[in-house]
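In: Structural data only, the sequence is not supplied:
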């Protein structure tokens, strides 16, 4: 059965200062950034990892409590074998060399998605990083790896269906809160603000259930060029918006 009911709420109003509680970012544009400079895609991804460092630091300083980064989608496995190898190698490097800094700054790391597809070495590195930072009380950093929101919802639905088939759950008892408890983001507040870089204006299978009431902000900036200034611009735009939740 799914996790017990926790602190996650369906709707977040953000803080009184106008800073969103939870920001999700679709990090897009690494390959285009590299192409524009005549560089291999691997160097674009390396520059993207540097942008992650800047953005995590900026989010923590701005008072954002939760930051979720879409780092590797379930569709990204369709890329060339060389690029996937470069991406996974960079992921392992980041986990092993950046985790000490995250821990020092009291960042708590959590990974969602099908981590097992990355192999035992990467899975072990993820597990160690999560364990090391589990007690931290600063920024909650969630990284979505081999993640797809539709698959997440299907898995949650299948779990509930199995409970119904086994006679442990009545169909009429299923509600939104129960399904939410079966998602990989259980215990996290829903995102208040979703940012996408590189000019694309779609969610691309990222937090579809969770982003039902999120504000969306799109920028032409490619991910490797993203940093504190762009995050501040997105947060300022969010603070100016009136969130009605269908109330008129």
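Out: Noted; the coordinates are in hand. Worth saying up front: this structure is predicted, and the values here are computed from it rather than measured.

In: drop to CA atoms for contacts and neighbour counts, all remaining ones
Out: OK.

In: List the contacts of residue 144.
Out: Neighbour list for residue 144: 68-73, 111-113 [criterion: Cα atoms under 8 Å, 6 or more residues apart in numbering].

In: and it, which of the three is it?
Out: On the three-state scheme (DSSP: H, G, I helix; E, B strand; the rest coil), residue 144 is labelled strand.

In: Give me the pLDDT value at it.
Out: Looking at residue 144, its pLDDT stands at 95.

In: One more: residue 87?
Out: Here the pLDDT value assigned to residue 87 is 80.

In: Can I get the contacts of residue 144 in a markdown table including neighbour count?
Out: Formatted as a markdown table, the contacts of residue 144 follow (neighbours: other Cα atoms under 10 Å):
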| residue | neighbour count |
| --- | --- |
| 68 | 23 |
| 69 | 22 |
| 70 | 23 |
| 71 | 21 |
| 72 | 21 |
| 73 | 20 |
| 111 | 21 |
| 112 | 18 |
| 113 | 20 |
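
In: Which of these fall in strands?
Out: Using DSSP state E, the subset of the contacts of residue 144 located in strands is 68-73, 111-112.

In: For residue 213, state which of those residues is nearest.
Out: Within those, the smallest distance to residue 213 is 15.9 Å, found for residue 68 (Cα to Cα).

In: Closest one of the ones in strands among the contacts of residue 144 to residue 120?
Out: Distances from residue 120 to those, taken by Cα to Cα, are shortest for residue 111, at 15.0 Å.

In: middle-most residue in this protein, spatially?
Out: By Cα atoms, centre = their mean, the chain has its centre lying nearest to residue 68, at 2.9 Å.

In: about what we covered before: would you turn the ones in strands among the contacts of residue 144 into a markdown table with pLDDT?
Out: As requested, these are arranged in a markdown table below (pLDDT from 0 to 100):
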| residue | pLDDT |
| --- | --- |
| 68 | 98 |
| 69 | 97 |
| 70 | 95 |
| 71 | 90 |
| 72 | 84 |
| 73 | 85 |
| 111 | 95 |
| 112 | 96 |
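
In: any idea where the helices of the protein begin and end?
Out: Counting by DSSP state H, the chain has helices at residues 30-36, 41-62, 81-104, 120-133, 149-165, 176-180, 228-240.

In: looking at the ones you listed, which one has the lowest mean pLDDT?
Out: Among the helices of the chain, helix 81-104 scores lowest, at a mean of 85.

In: For that one, which helices and strands make contact with it?
Out: helix 41-62, helix 120-133 (3 or more Cα pairs under 8 Å, 6 or more residues apart in numbering; DSSP states H and E).
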